[in-house]
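Q: Below: sequence and its predicted model.
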Amino acid sequence: DEDASNTYSFTHALVRDAAYGSLLRKRRRELHGTIAEALRGRDSAHDRALPELLAHHLTAANRPLDAAPYWLAAGQRAMERAAVSEATTHLAKGLEALADAPEGAQRAQLQLELTFSQATMLQGTLGHGAPQVGDAFSRARELSEAVGDTAMLLKVLPGLGQFYIPRGGAELATELNARTIALAEEARNPVVQSHAYRGRGFMLALQGHLRDAMDNIDRAIECLTVDTDPSHQYIVHPLLFAQTWQAMLLSWQGHVDEARRIQHEILERCLADGHPYIVQSAYAYTALLAEVWEDVEAVLEASSEHVALGERFPNPLYGAMGLMHHGWAVARQGNSEAGIQEFLEGLAGFRATGSRATLPMYLGLLGSLYLEAGDVDASRETVDELFDVVEATQERSALPEALRLRAEAAHLEGDDPTAVATAHGALALAWKQGAGGWELLCAHSLALFTKDRAAATELSTTLDRLHGGQDTPLVVRATALRDELAGTLA
């Protein structure tokens, strides 16, 4: 029938299976091939609408080299809809089909494209440091080098470098970033240069080298004359992710108003984009930025939207982050038990991804919640783990807060000499890192412990170095203490 609108179906699945089973294997393949060619002959729009159907028939027709591009298209299309399980299945079927294909350049190229798509999908759903991410990017690197595909290698190396960062492989990540930048400059590929600079900036930020990190993030942003890269469009948005870390670094350095302005613009753009994973990422970093300045209402608003969206479009990494942020806000509103329980649920999900990037930061948030709840032992245990993770990953940006929490615990237990000495160490480290937000927290704790003129002066000086944020709860609290001490010490 020439009318493409006509369709036929069996009255029962068992009838269909019986009819199919009665066919010889050769005849099945012939029929699948005929169906595939009929579908391909209709129009290209049908190919785009149902690539998995074509892939299925071409695979069953024993034409794996023809089927693989359609499995790839089906996987990418599923990711556009945030259908992770479906995307995983399609990409795996593509690689499985190629296992039966004859060796050669075409097979290797298709394996590379499918493996790279797997790697970027896993990176966006499990995080940079998940073992599965490293395995996929390593395999993609092997394939790209084997086929001599420099363009694909330029996309693979930044992802592999970012895998090593939270796993204590700073030297290897630095080497990979340097190679990527050199190749990208030679190829005049600004998008890949941006990925490499962003990866280096991300690594330096986690290590506590905030000024150098900002230089690299700024270069990453400057490289991008357009704000999209189709190969990363739905998982890791290059410009928005670089700008997110620009906002985070500005916040940590004490440029509060500028950081909030940038992050607000990022959230608005992500909401306009509409892809649920990009939106969840924006909500997560909006909350993380607000937590530094103890803006509970802002964290609650962002995390509530985040959790609701995550229920509709599950994502292991971002879902876990959403629960931790929401639990933090609930606990800070006074419901410590429920908030900490939700935070722990999110932390368990975060650990399950295998990623450790920013884990010390989240452990610091949990340690502070335990202290507020009066559970000094649980706080100490959490902070001890934080130090262990930092030793393994070299993520030293969380150390000022870890030291401050130890000082707070000592103060609560009446050991003020230890509290004051530890707070001084935390303050010195925050100043060395250029972390104005952590510096203010440390100066506030020290002033509370001693209530002497030196600590009051340090608190006042730290407040004066801030750029904005006068309405944030942390700055309001620190300003009130400064004014109180100014009156009693006058």
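A: Cool, got the structure. Numbers count the residues shown, from 1 in each chain.

Q: Name all residues that make contact with the spatially most central residue of the chain.
A: The centroid of the chain falls nearest to residue 127 when counting by Cα atoms, centre = their mean (5.1 Å). Neighbouring residues of residue 127 by Cβ atoms under 8 Å, 6 or more residues apart in numbering: 133, 166, 317, 353, 354, 355, 357. C-beta here means a position set from N, CA and C on the backbone, and glycine is covered the same way.

Q: Those into CSV, with extra columns for pLDDT, distance to residue 379 and secondary structure?
A: Converted to CSV, these look like this (pLDDT from 0 to 100; distance: Cβ to Cβ, whole Å; DSSP: H, G, I helix; E, B strand; the rest coil):
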residue, pLDDT, distance to residue 379, secondary structure
133, 89, 32, helix
166, 69, 23, helix
317, 90, 26, helix
353, 87, 25, coil
354, 83, 26, coil
355, 80, 24, coil
357, 83, 23, coil
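
Q: Can you lay out those residues as JSON lines showing distance to residue 219 and neighbour count?
A: JSON lines is the format used below for those (distance: Cβ to Cβ, whole Å; neighbours: other Cβ atoms under 10 Å):
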{"residue": "133", "distance to residue 219": "24", "neighbour count": "27"}
{"residue": "166", "distance to residue 219": "22", "neighbour count": "28"}
{"residue": "317", "distance to residue 219": "26", "neighbour count": "26"}
{"residue": "353", "distance to residue 219": "29", "neighbour count": "23"}
{"residue": "354", "distance to residue 219": "30", "neighbour count": "18"}
{"residue": "355", "distance to residue 219": "25", "neighbour count": "23"}
{"residue": "357", "distance to residue 219": "21", "neighbour count": "23"}
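
Q: from those, which two are the most distant?
A: 166 and 317 (12.1 Å; Cβ to Cβ).

Q: quick one: common contacting residues for the two?
A: With Cβ under 8 Å, 6+ apart, residue 166 and residue 317 have common neighbours 127, 355.

Q: ok, now how distant is the closest residue to residue 137 other than its chain neighbours from residue 199?
A: The shortest distance from residue 137 to any non-neighbouring residue, by Cβ to Cβ, 6 or more residues apart in numbering, is to residue 160 (4.2 Å). Look at residue 160 and residue 199: by Cβ to Cβ, to the nearest Å, they are 9 Å apart.

Q: before we move on, the earlier item: so the residue nearest to residue 137 touches residue 138, yeah?
A: Yes: Residue 160 is within contact range of residue 138, at 6.6 Å (criterion: Cβ atoms under 8 Å).

Q: so who does the residue nearest to residue 84 when sequence neighbours are not counted touch?
A: Leaving aside its sequence neighbours, residue 84 sits nearest to residue 125 (Cβ to Cβ, 6+ apart; 5.6 Å). Contact partners of residue 125, counting by Cβ under 8 Å, 6+ apart, are 84, 235, 277, 315, 316, 317.

Q: Pull the most distant pair out of the residues you listed.
A: 235 and 316, at 13.1 Å, using Cβ to Cβ across the contacts of residue 125.

Q: picking that back up, higher neighbour count, residue 160 and residue 199?
A: Counted by other Cβ atoms under 10 Å, residue 160 and residue 199 do not tie: residue 199 has more neighbours, with 29 against 25.

Q: where in the stretch 351-490 of the chain is pLDDT low?
A: Along the stretch 351-490 of the chain, the parts satisfying pLDDT under 70 run over 490.

Q: And the helices in it, which stretches?
A: In the stretch 351-490 of the chain, the segments counted as helices under DSSP state H, counting those that start in this stretch are 359-372, 376-393, 399-412, 416-433, 436-450, 453-465, 473-488.

Q: Need those in JSON lines (columns: distance to residue 208 and mean neighbour count).
A: Formatted as JSON lines, the helices of the stretch 351-490 of the chain follow (distance: least, Cβ to Cβ, whole Å; neighbours: other Cβ atoms under 10 Å):
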{"stretch": "helix 359-372", "distance to residue 208": "10", "mean neighbour count": "23"}
{"stretch": "helix 376-393", "distance to residue 208": "10", "mean neighbour count": "17"}
{"stretch": "helix 399-412", "distance to residue 208": "7", "mean neighbour count": "24"}
{"stretch": "helix 416-433", "distance to residue 208": "5", "mean neighbour count": "20"}
{"stretch": "helix 436-450", "distance to residue 208": "10", "mean neighbour count": "25"}
{"stretch": "helix 453-465", "distance to residue 208": "18", "mean neighbour count": "17"}
{"stretch": "helix 473-488", "distance to residue 208": "20", "mean neighbour count": "16"}
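
Q: now those in CSV, with distance to residue 299?
A: Shown next, in CSV, are the helices of the stretch 351-490 of the chain (distance: least, Cβ to Cβ, whole Å):
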stretch, distance to residue 299
helix 359-372, 10
helix 376-393, 19
helix 399-412, 16
helix 416-433, 21
helix 436-450, 14
helix 453-465, 22
helix 473-488, 11
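
Q: Alright, I will stop here.
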